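Peer 1: Show me the folded form of this:
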Amino acid sequence: MSGGTLTDIANAVVDEYGCKQTVVADVDELIVDAIRGAVALRAVADDVLARLTAQAERVGTAKRAGMSLRELLCANGLAPAVASRLIRLGRALQVLPRLARHSRNGSVSAEHLDAVARGVEHVVRRTGESVDSEAITALEGSLVGHAVAGTAPAEIVERARAVAIDMTADNPEGSNDPDRLPPAEDSSLNEFDWRAGDDGRLRGTFELDALTGERLITALDTASRPRPEPDGSDDTRPATRRRADAFSQFLECGTRGLSPDATHAPPRTEILLTVPLESDTATTPGPAWLSWMGPVSDLSAKLLSCDARLAGVGLDLNGAPVSITAPERLFTGAARKVVLLRDRGCIKCGAPASWCDVHHIVRFADGGPTTVDNGCLLCRSCHTAVHHNGWEIVMGADRHPWLIPPATVDPRRRALPAYNRRTMRLDDPIAA
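Peer 2: Residues are numbered from 1 along each chain as shown. Next comes the predicted model:
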């Protein structure tokens, strides 16, 4: 349709839709035209924002305001992810003419143009000085063409990654060298990146050489095989959840720093968990904090601290540390060895003992002692289930731990023996 503002178009849609004589196809055409116009208007607005962002960076507006450019954009109403995209796009518009032209006329969305910019940047970073300006111009044209055709932004970036690998493989300086690894096996090309989402979860991307990828897939395939539930039923976790649990377990084992006898050693990697303490001036302390990922719930804080070496730090009203207490809650030495000898592995799923935390049955935070009769072995995924998903553990008079499933698993909530004693009947009583 020709002429008229977007408001006029929208009003026309409403008016005509309310008219009994209006043909539905005409209404659909008006709606689609309005959507196209709004998308084009949004693209033009993003172009203006990107150019203003580049201008602010050139003249130092954010620096004079005492903040980063990203902070300046967020302070003026943009989400962090959008701010980062506009910064990248603003820089790219200054060096990629085709990208700038399509951005100016609003023919391509900012998300697609940002994918082109990221793709070109990836190729330049990957190939370094081995690629000339003509090749970059050709790459820009190719990626812009995909963007105009509506190729998904993620696929545009993947195409750029493929181009970077091809360019590296075709480097004449190494193409005839029999000792030169092919790109698929070159670990120097590996990349691993992550970001914390606004919802507090971590998301990431990686690109690995074939051998590292093989190790990862093999390890995950082995560790993520289905395990039966405590009652013998099939594992209900989907494959993606099993792989995530296995990866979490790898991190747990890798940072544990086990000694040769697989009983106890101080962790090689320390995770700093800040837990505000109650005081006379602050009866409602704030949430616990992780150094990288920010605030976490009390449940997660208790899960993390269940088998970790902790140091309590008192904070004054300004958040400055004023005192520190020695760690006291960790199962160590003989106590840990006895728990390992008794349980043999995870009491819920049977995972190896070297994978397991020693869990306080009565939580340390609730006054539970660090003693053999108050400890049991749980792998990380089962440990999470106990803390978060309604599973309970009690110590029987036989001095072995027993599991009580949530009502969603067993409405009768019948107690189950530890995995290494699973030959007992489900109706065997807890000698309590």
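Peer 1: Would you mind finding the longest helix in this structure?
Peer 2: Longest helix in the chain, counting residues (DSSP state H): helix 24-59.
Peer 1: Would you mind listing the buried residues in the helix or strand just after that helix?
Peer 2: Sequence order places helix 61-64 as the next helix or strand after helix 24-59, per DSSP states H and E. Of the residues in helix 61-64, Ala62 count as buried by neighbour count, 16 or more other CB atoms under 10 Å. No exception for glycine: its C-beta is placed from N, CA and C like everyone else's.
Peer 1: Please name every helix or strand in contact with helix 61-64.
Peer 2: helix 69-75 (3 or more CB pairs under 8 Å, 6 or more residues apart in numbering; DSSP states H and E).
Peer 1: For the helix it packs on, which outside residues touch it?
Peer 2: 53, 56-57, 61-62, 65, 67, 80, 82-84, 86-87 (CB atoms under 8 Å, 6 or more residues apart in numbering).
Peer 1: in the stretch 201-350 of the chain, what spans have low per-residue confidence?
Peer 2: The model of the stretch 201-350 of the chain has pLDDT under 70 over residues 211, 255-272, 275-286, 291-294, 304-329.
Peer 1: In it, what residue spans correspond to strands?
Peer 2: 202-207, 273-274, 288-290, 294-296, 313-315, 321-324 (DSSP state E, counting those that start in this stretch).
Peer 1: The first one pairs with which strands, parallel or anti?
Peer 2: So the one you mean is strand 202-207. Paired with strand 202-207 in the same sheet, following DSSP bridges, are strand 191-196 (antiparallel).
Peer 1: Report the backbone C-alpha coordinates of the partner strand in PDB.
Peer 2: Extracted as PDB, the C-alpha positions of strand 191-196 are listed here (Å, rounded to 0.1, in the frame of the first residue of the first chain):
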ATOM      1  CA  GLU A 191      37.600 -21.100  21.200                       C
ATOM      2  CA  PHE A 192      35.400 -21.100  24.300                       C
ATOM      3  CA  ASP A 193      33.100 -18.200  25.400                       C
ATOM      4  CA  TRP A 194      30.400 -17.700  27.900                       C
ATOM      5  CA  ARG A 195      28.000 -15.000  29.200                       C
ATOM      6  CA  ALA A 196      25.700 -14.800  32.200                       C
END
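Peer 1: For stretch 52-65, measure first residue to last.
Peer 2: 16 Å (CA to CA, to the nearest Å).
Peer 1: Any buried residues in it, and which?
Peer 2: Buried residues in stretch 52-65, counted by 16+ other CB under 10 Å: 53-54, 56-57, 62.
Peer 1: what's the answer for stretch 358-365, then?
Peer 2: 358-361, 363-364.
Peer 1: residues contacting Asp298?
Peer 2: Counting by CB under 8 Å, 6+ apart, Asp298 has contacts 287-288.
Peer 1: One more: the one 5 residues further on?
Peer 2: Remark: with contacts taken as CB under 8 Å, 6+ apart, Leu303 is in contact with 383-384, 387-388.
Peer 1: Can you list the neighbours in contact with stretch 141-158?
Peer 2: If you take CB under 8 Å, 6+ apart as the criterion, stretch 141-158 is touched by 98-99, 102, 107-108, 111-116, 118-120, 122, 159-160, 163.
Peer 1: By neighbour count, sort out the buried ones in these.
Peer 2: Buried among the contacts of stretch 141-158 (16+ other CB under 10 Å): 98-99, 102, 108, 111-116, 118-120, 122, 159-160, 163.
Peer 1: quick one: which of those residues sit in strands?
Peer 2: Of the buried ones among the contacts of stretch 141-158, none are assigned to strands by DSSP state E.
Peer 1: hmm, back to that, just curious, which of the buried residues of stretch 52-65 is nearest to His400?
Peer 2: Lowest distance from His400 to these (CB to CB) belongs to Ala62, with 62.2 Å.
Peer 1: Quick check, that closest one in contact with Ser68.
Peer 2: Yes - contact criterion CB atoms under 8 Å: Ala62 and Ser68 qualify, at 6.0 Å.
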